[in-house]
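*Asks:* What follows is a predicted protein model with its sequence.
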Amino acid sequence: MHSAPSSASTSVAPTWDPQQYLRHSGHRTRPFLDLLARIPGLPTDRPARIADLGCGPGNVTVLLADRWPDAHITGFDLSPEMLERAEKDWAGTTAGGGWLDFRPADAAHWTPDEPYDLIVSNAALQWVPNHPESFAAWIDGLRPGGTLAFQVPGNFTSPSHALLGELCDTPRWHGRLAGEGRRFVHVLDPADYLTRLVDLGCEADAWETTYSQLLPGEDPVLDWVKGTALRPVLTALEGDQEATDAFLTQYRDLLREAYPRGPHGTVFPFRRIFAVARKPA
Ligand SMILES: C[S@@+](CC[C@H](N)C(=O)[O-])C[C@H]1O[C@@H](n2cnc3c(N)ncnc32)[C@H](O)[C@@H]1O
């Protein structure tokens, strides 16, 4: 496992900004649709019960209702800002007669409170240290024939993330930001996920895809990470506009060099890791 160095002693949970996060929702949704396409049919003797861990603003959670229209789907998240947005936009009955609700929960400690047919997580478990240790409890909480499926970013050695970590560790920022640029690095390679899930008695599939994302506009990679990897840094510098601006200027210049703008936009390659595990029926 790539593991994060210990965080700065002042580390707090990052504040999320749903509006910023949703600015790239097209590119961010694609891997979820690819994951969804690999999830097998769920037990059909009753409407499905589904959990979405780290549901964010709920815009991908709601896509589960397209595939399982009468399901009861619960999105769990740690961030009050994300939950508020998800509630406002999506909570209630779904078009197919199902139900969508959202609840606060820390995925690091969450265990199924009732039997689920599907536990899914998209782009969230990288924030949860030791999440593979929870697989046994999550699979235990699935009904026979149920599925655990997740997608995590696998781009922590890419320039966007490496440069962020390095900048936080420079003498200028180390005192305030040590570790904050690497708070999210808790993922395994596909083969390691596969082995763990098969060890737990599941039929499993794991793979990776690198998306070559063409982003429009000025400094689009900076804009992208402002919604995700930069959250801990922005949270640590909150209330100090001068420091925030100085950090963002330095980081922006590094990103401009690493991801030059071309005639059609800026190519931002993004590796993602997927796993789907089915509990025997
Ligand atoms: C990059 S967003 C992904 C949101 C959504 N799943 C999507 O695909 O659009 C990551 C989400 O994980 C949530 N998160 C981070 N750590 C968490 C934890 N320990 N427990 C629950 N949610 C967490 C954040 O609050 C955030 O909403």
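*Replies:* Received, thanks.

*Asks:* measure the residue in the chain that the ligand sits nearest to to Glu81 for me?
*Replies:* In the chain, no residue comes nearer to the ligand than Gly56, which is 2.4 Å away by C-beta to the nearest ligand atom. Yep, even glycine has a C-beta here, placed from its N, CA and C like the rest. Here Gly56 is placed at a distance of 10 Å from Glu81 (C-beta to C-beta, to the nearest Å).

*Asks:* Show me which of these two is the more surrounded one.
*Replies:* Gly56 (27 against 16; other C-beta atoms under 10 Å).

*Asks:* Enumerate every residue touching that one.
*Replies:* If you count contacts by C-beta atoms under 8 Å, 6 or more residues apart in numbering, Gly56 has them with Trp16, Pro18, Tyr21, Gly75, Asp77, Ser79, Met82, Ala86, Ala123, Ala124.

*Asks:* just to revisit the earlier point, tell me the secondary structure for the residue of the chain closest to the ligand?
*Replies:* Look at Gly56: counting by DSSP: H, G, I helix; E, B strand; the rest coil, its state is coil.

*Asks:* How confident was the prediction at it?
*Replies:* For Gly56, the model assigns a pLDDT of 95.

*Asks:* Tell me, how many residues neighbour Trp138?
*Replies:* Burial of Trp138 is recorded as 24 neighbouring residues (other C-beta under 10 Å).

*Asks:* picking up where we left off before, so which of the contacts of Gly56 are in strands?
*Replies:* Of the positions in those, Gly75, Asp77 sit in strands, assigned by DSSP state E.

*Asks:* Throw the contacts of Gly56 into JSON lines and include neighbour count and pLDDT, thanks.
*Replies:* Listed next are the contacts of Gly56 as JSON lines, based on neighbours: other C-beta atoms under 10 Å; pLDDT from 0 to 100:
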{"residue": "Trp16", "neighbour count": "22", "pLDDT": "80"}
{"residue": "Pro18", "neighbour count": "20", "pLDDT": "76"}
{"residue": "Tyr21", "neighbour count": "23", "pLDDT": "67"}
{"residue": "Gly75", "neighbour count": "29", "pLDDT": "98"}
{"residue": "Asp77", "neighbour count": "26", "pLDDT": "97"}
{"residue": "Ser79", "neighbour count": "22", "pLDDT": "93"}
{"residue": "Met82", "neighbour count": "22", "pLDDT": "93"}
{"residue": "Ala86", "neighbour count": "25", "pLDDT": "97"}
{"residue": "Ala123", "neighbour count": "21", "pLDDT": "94"}
{"residue": "Ala124", "neighbour count": "22", "pLDDT": "95"}
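
*Asks:* And the strands in the stretch 151-281 of the chain, which stretches?
*Replies:* Remark: strands assigned in the stretch 151-281 of the chain by DSSP state E, counting those that start in this stretch are 203-215, 266-278.

*Asks:* quick revisit: phi, psi of the residue of the chain closest to the ligand?
*Replies:* In terms of degrees, to the nearest 10, the main-chain angles of Gly56 are phi 60, psi -140.

*Asks:* what is the orientation angle of the longest helix seen in the chain with strand 266-278?
*Replies:* Secondary structure of the chain per DSSP state H: the longest helix is helix 241-258. Angle of helix 241-258 versus strand 266-278, following axes from the mean of the first three to the mean of the last three C-alpha atoms, to 10 degrees, is 90 degrees.

*Asks:* what does the stretch 101-250 of the chain have sitting close to the ligand?
*Replies:* Within reach of the ligand by C-beta under 6 Å from any ligand atom, the stretch 101-250 of the chain has these residues: Asp106, Ala107, Ala108, Asn122, Ala123, Ala124, Trp127, Val128, Thr228.

*Asks:* May I ask which of those has the most neighbours?
*Replies:* Ranked by neighbour count (other C-beta under 10 Å), those have Asn122 at the top, with 26 neighbours.
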